[in-house]
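Asks: Got a sequence here, can you build the structure:
(one chain, ligands or ions: 2)
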Amino acid sequence: MKTLRDALESGEFILTAECLPPKGTDIAEFCSHARRLLGKVHAVNVNDNPAATLHASPLALSKVLLDMGHDPICQITGRDRNRLAIQSDLLGLHILDIRNVLCLTGDDITLGNQKEGKAVFDLESVEILQVVRSLNEGKEMTGKPIQGATALLPGAAVSPEAEPLEPALMQFGKKVEAGARFFQTQAVFQPDRFERFMAQARKSNVNILAGVLLLRSLKMARYVTEHLGIFVPERFVQKLERAGKEGELEVGIEIALGLIEAIRGKCDGIHLMAIGAEEQIPVILERAGLLPKGPGLKKAAGGADG
Ligand SMILES: NC(=O)C1=CN([C@@H]2O[C@H](COP(=O)(O)OP(=O)(O)OC[C@H]3O[C@@H](n4cnc5c(N)ncnc54)[C@H](O)[C@@H]3O)[C@@H](O)[C@H]2O)C=CC1
Ligand SMILES: Nc1nc(=O)c2c([nH]1)NC[C@@H]1CN(c3ccc(C(=O)N[C@@H](CCC(=O)O)C(=O)O)cc3)CN21
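Replies: Ligands and ions are numbered 1, 2, ... in the order given. Predicted coordinates for the structure are as follows:
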């Protein structure tokens, strides 16, 4: 199996997708979504209690993906784990042959559905990246040698449409410095702003995968705006409104396709997110002309080389 690391090194146009873990033990739907992505994406992300709502362990689900033939990207946040737990889980990922980790601070606990919970935030994203580097060098974060180093590929998130952009660029720089090799961006809805970010980000030698979020409903567009701070332009909201319940999914797909077309030439890959409508990801890939023609993944037609 070609790994995400190999694909990044070969300069291919990268495709990744996010699969939400179940809110329980029934993994049938998760597996069915993931199976449909085999051979169509380079790697599949598993969220870590996304939006501070309870979902099954991303470590367990990453292992399920690995056994299925995927190269998983396990997301790890600092919200629910202290430094011991983070280091312990990172070692566990390596032991399970999971090689990619997306290091996140995590949304605040008050965003989710168990608001009375205690948030940890012992380490934030940049520090988690530093811990990965340390473990890759065969040391605990204290510098003490460990029995067997990890070989993890660290990634991070970035908000390319932040306004003002400078603080986000500074945080991006810190993450690059801390060893992030690839970035999966927050959902992009304004290609001109994304381009402005890319003009700066291009100065760093890291791969940027642009986040494309399927707005599967008007309700979802409102939810991500209110809770995740993702800015969805009014014209998209109006389109979804006009489409009504029957037409909103198709409109959401068309919006995603338009965004992919506008940004694919300006980044190193696309990261697709569908928040529970993952069955639509292969549909979007196909309609965007991003599916491999032959066996395995080939360079995407029209994809940017840098
Ligand atoms: N109570 C606390 O201590 C908390 C503090 N913070 C602060 O907020 C700031 C957050 O900065 P970072 O560490 O860079 O956050 P981060 O690396 O977790 O996320 C960076 C950006 O990506 C977005 N993002 C988060 N998860 C994502 C996902 N799964 N997919 C796509 N995009 C995602 C975030 O909304 C954020 O805009 C820091 O200044 C941090 O200290 C954030 C959360 C809680
Ligand atoms: N700040 C931030 N946190 C994230 O977790 C995140 C992003 N941004 N940006 C892109 C995607 C979107 N993600 C999400 C968002 C919500 C749920 C979720 O489970 N939401 C709640 C409420 C949904 C609703 O009200 O419709 C859920 O219980 O399903 C999952 C993944 C994960 N990612």
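Asks: which regions of the protein sit below the pLDDT cut-off?
Replies: Low-confidence segments of the chain (pLDDT under 70): 1, 293-306.
Asks: Spell out which parts of this protein neighbour ligand 1.
Replies: By Cβ under 6 Å from any ligand atom, the residues of the chain that approach ligand 1 are 47, 75, 104-105, 108, 121, 124-125, 156-159, 171, 186, 211. For the C-beta atoms, the positions are set from N, CA and C on the backbone; glycine is no exception.
Asks: Can you list which of these are found in helices?
Replies: Among those, the members falling in helices (DSSP state H) are 125, 171.
Asks: Greatest separation within the residues of the chain next to ligand 1: which pair is it?
Replies: Maximum pairwise distance in the residues of the chain next to ligand 1, criterion Cβ to Cβ, is 23.0 Å, between 121 and 211.
Asks: Pick out whichever of those two has more residues nearby.
Replies: Remark: of residue 121 and residue 211, residue 211 carries more neighbours, 27 against 15, as counted by other Cβ atoms under 10 Å.
Asks: who's in contact with residue 73?
Replies: Applying Cβ atoms under 8 Å, 6 or more residues apart in numbering, we find residue 73 in contact with 4, 16, 43-46, 62, 100-102, 155, 184.
Asks: one more time with 6 Å, if that's ok
Replies: Counting by Cβ atoms under 6 Å, 6 or more residues apart in numbering, residue 73 touches 43, 45, 100, 102.
Asks: Could I get the contacting residues of the first one?
Replies: Just to be clear, that refers to residue 43. Going by Cβ under 6 Å, 6+ apart, residue 43 touches 4, 16, 71, 73.
Asks: Sort out which of those residues are in helices and list them.
Replies: Using DSSP H, the members of the contacts of residue 43 that fall in helices are residue 4.
Asks: export the contacts of residue 43 to a markdown table and tack on distance to residue 145?
Replies: Formatted as a markdown table, the contacts of residue 43 follow (distance: Cβ to Cβ, whole Å):
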| residue | distance to residue 145 |
| --- | --- |
| 4 | 28 |
| 16 | 33 |
| 71 | 29 |
| 73 | 28 |
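Asks: and of the contacts of residue 43, the nearest to residue 90?
Replies: residue 73 (13.5 Å).
Asks: hey, what's the closest one bridged with?
Replies: Note on residue 73: beta-bridge partners residue 45, residue 100, judged by DSSP bridges.
Asks: buried subset of the residues of the chain next to ligand 1?
Replies: 47, 75, 104-105, 124-125, 156-159, 171, 186, 211 (16 or more other Cβ atoms under 10 Å).
Asks: of these, list those near ligand 2.
Replies: 47, 186.
Asks: any idea where the helices of the stretch 201-306 of the chain begin and end?
Replies: For the stretch 201-306 of the chain, the helices defined by DSSP state H, counting those that start in this stretch cover 218-228, 234-263, 281-287.
Asks: And for the stretch 1-150 of the chain?
Replies: Under DSSP H, counting those that start in this stretch, the stretch 1-150 of the chain gives helices at 4-10, 28-35, 58-68, 83-95, 125-136.
Asks: Turn those helices into CSV, including distance to residue 179.
Replies: Below are the helices of the stretch 1-150 of the chain laid out as CSV (distance: least, Cβ to Cβ, whole Å):
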stretch, distance to residue 179
helix 4-10, 14
helix 28-35, 28
helix 58-68, 20
helix 83-95, 13
helix 125-136, 4
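Asks: any idea which of those is most buried?
Replies: Scoring those by mean neighbour count under mean count of other Cβ atoms under 10 Å gives helix 125-136 as the most buried, with a mean of 22.
Asks: How far off centre is that helix?
Replies: Here the centre of helix 125-136 is set off from its chain's centre by 18 Å, with Cα atoms, centre = their mean, to the nearest Å.
Asks: Just give the closest residue to residue 110, not the sequence neighbours.
Replies: Among residues not flanking residue 110 along the chain, residue 52 sits closest, at 7.5 Å (Cβ to Cβ, 6 or more residues apart in numbering).
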